[in-house]
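[1] coordinates for the following, if possible.
(2 chains)
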Amino acid sequence: MRYLVFAIERLTNVSGWLSGWLVFLMMALVLFEVFMRYVLNQPPMIADEFSSYMLVAISLLGLAYAWKEGGHIRISIWAKRLPPRVSSWLRLTGLVLAFAFTSELTHASYSFIALSFKLHLHSATWLHFPLQGPQMTIPIGLGLLSLTLLLAIVRAIKNIRAGVSIELTAEEKV
Amino acid sequence: MSLGLMCVIILGTMVLLMVMGIEVAVSIGIAAGLGLLLFVDQPLNQFAFSAWGVLNSFTLTAVPLFVFMGAIFANTGTIEALFIGARKLFGFLPGGLISAVIGANAVFGAMSGSTIAAAATFGKIAFPEMERLGYNPRLVLGSMAVATTLSALIPPSIILIVYGDLRIVSVPRLFAGGIVPGAILASALILTTIVLVRINPSLTPGVVKTTWGEKLTALKQVTPFALVILLVLGSIFAGIMTPTESSSLGAFLSIVIALAYRRMSFLALKQSMLTAAKITAMIAFLLFTATVMSIVFHHIGLVEKFSELMLGLPFGKYGIFAVVCVAYLILGMFFDSISMMVLTFPVITPLINSLGFDPLWFGVVYVVLAEIGCVTPPFGLNLFALQSVVPKYDIMVIALGALPYLVPTLLLVVLLTAFPQLILWLPSLLY
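    You can find the predicted model right below:
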């Protein structure tokens, strides 16, 4: 169990890192395109397409990390007014629902990818780039978010059993 | 099943989940998924199609880069030089440091576009110094909370980029549209400070006199930031670069400036990259779940019915628009500006189109309305961002301090409605 927790934590951090470095890489790629266009007059015409793919990857690979860091917006003002035990159970219910939703989405997004593989989808630009690579970040990102949620659920149950309020302990800290 | 019942099931589920404290994107997603399965008869892989369709967009690629740029300035602390410069330039005014924060916010807004970053940054950098000098904490925090809205209005603005992508409006034109209202708001906020301090001089210590030499030094301190703004916005407005390209340039220049100030560290770079990734993921999750919700709304006929209902109101064009404004002000108390945008636009935009309002004009007015929501409790995002760096003050202290500054902000909405050219003039001049 401890190894599993460690693995999920590492995966979440690595995906956050990867997502962050993609932002840097995107900056470098777009600047390279600008430099080639205005200075060398030889625009490679790749930045538009690849930076869009990078955006998909940054967004999806960053999902789990953003959850872990409490980066997704939520309105907790009413839940916080409830007695700690009630709000803890409410949060646990919320986490279970979120896990059910994201794991179902992960499953559903595989059929999207399967279709893409089946149809050998390529971009409509001169690059004719196979789309399955960037599209794969969708199920990967959603899957990782599901795992992060699963861990949050386990931690929330532990905290409730120990009589510790989840809202106060920021149970999503993976 | 009747439209009313379908709306109750979908919207009721969504509101219930949000009240439970579930993340907004997940709440929208679960309700949209329910609608998709029950009323649209579509599989859930629609979410994956939406994620790909919405995010595979060159327009939106500017979002992480502008966030990255702002985060570099904030995390490396280079923005402190901007505040010190602004302090010397605005120090002669009554409540000079408050005006300096407003001015610095306007400049930071022209470099970043993230209101949360602005709130957290200035709360951290400027507030302790102002408190030490004897400024009234309520007034200072309130002015900071409202001044951060300048980041959303003055280009580059993350909200305007998302708006442009959602409504297929040119982002450079939207950016140009935000300049005049942003300048008016910044001036109005400074004027409000002067009036408040004149009425009650005990709110701030006396005026700090600066010599011309100090002012010249201040100008030198502000120059690198002015150059970044000039290059980033100038390249967009001159048609040399797209917003994404100029955001890359801006992010690169922010690193160069941080290096020049000897403030750059690997930790700051890492934090900035992670901030950009985190905020982008948050916005993306909202965008693709809301897109599916929009499909559901269209399919069940809510969009047409809502427009029909609103257009049937006996208030005339501006009366209906006033109803929309009030609705946004109320919704803004509970939602952040991007969640509110993605959630309401599927039903609001057809109405706005039917009323004959310019989408560019509406985009800028929406930003002002939504940002008012960011400083009104119970869920004012800027209030929370500020409070996180000054935890000893309650949210209500900041909210009460913001009240007098909300008057000119609301007046700005009236002004922009009465004189749409304040928004439309510059875009029509440039493009």
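
[2] per-residue pLDDT, the residue nearest in space to the middle of chain A?
    The C-alpha lying nearest the average C-alpha coordinate of chain A belongs to residue A:63 (CA atoms, centre = their mean; 2.2 Å). pLDDT for residue A:63: 96.

[3] how about the helix or strand where it lies: buried residues?
    Remark: residue A:63 resides in helix A:47-68, with elements defined by DSSP states H and E. For helix A:47-68, burial by neighbour count (16 or more other CB atoms under 10 Å in any protein chain shown) applies to A:47, A:49-68. Just so you know, the C-beta spots here come from the backbone N, C-alpha and C atoms, and that holds for glycine as well.

[4] try stretch B:285-303
    Those would be B:285-297, B:299-300, B:302-303, for stretch B:285-303 by 16+ other CB under 10 Å.

[5] now, which of those residues lie within helices?
    Counting by DSSP state H, the buried residues of stretch B:285-303 place B:285-297, B:299-300, B:302-303 in helices.

[6] what subset of these is also close to chain A?
    Taking CB under 8 Å from any CB of the partner chain as the test, chain A is in contact with B:285, B:286 out of those.

[7] residue A:9: neighbour count?
    Neighbourhood size, residue A:9 [other CB atoms under 10 Å in any protein chain shown]: 16.

[8] pLDDT of the helix or strand hosting it, averaged?
    Secondary-structure assignment from DSSP H and E places residue A:9 in helix A:2-38. Mean pLDDT, helix A:2-38: 94.

[9] could you do stretch B:372-380 as well?
    81.

[10] same check, this time on stretch B:166-178
    pLDDT averaged over stretch B:166-178 gives 93.

[11] distance from the chain centre to it, please.
    Here stretch B:166-178 is found 14 Å from its chain centre; the criterion is CA atoms, centre = their mean, to the nearest Å.

[12] quick one: buried residues of it?
    Quick answer for stretch B:166-178 (16+ other CB under 10 Å): B:166, B:167, B:169, B:171, B:172, B:173, B:174, B:175, B:176, B:177, B:178.

[13] how about residue B:234: what's its closest non-neighbour residue?
    In space, and not counting its chain neighbours, residue B:234 is closest to residue B:240: 8.0 Å by CB to CB, 6 or more residues apart in numbering or on different chains.

[14] and what of residue B:174?
    residue B:160 is the one closest to residue B:174 (CB to CB, 6+ apart), at 4.4 Å.

[15] count the residues that sit near that neighbour.
    Around residue B:160 there are 27 residues (other CB under 10 Å).

[16] contacts only, for it.
    Residue B:160 makes contacts with B:113, B:152, B:171, B:174, B:175, B:178, B:363, B:364, B:367, as judged by CB atoms under 8 Å, 6 or more residues apart in numbering or on different chains.

[17] which SSE is the residue nearest the centre of chain B in?
    Chain B has residue B:152 as the residue nearest its centroid, 3.0 Å off, counting by CA atoms, centre = their mean. Using DSSP H and E, residue B:152 sits in helix B:149-153.
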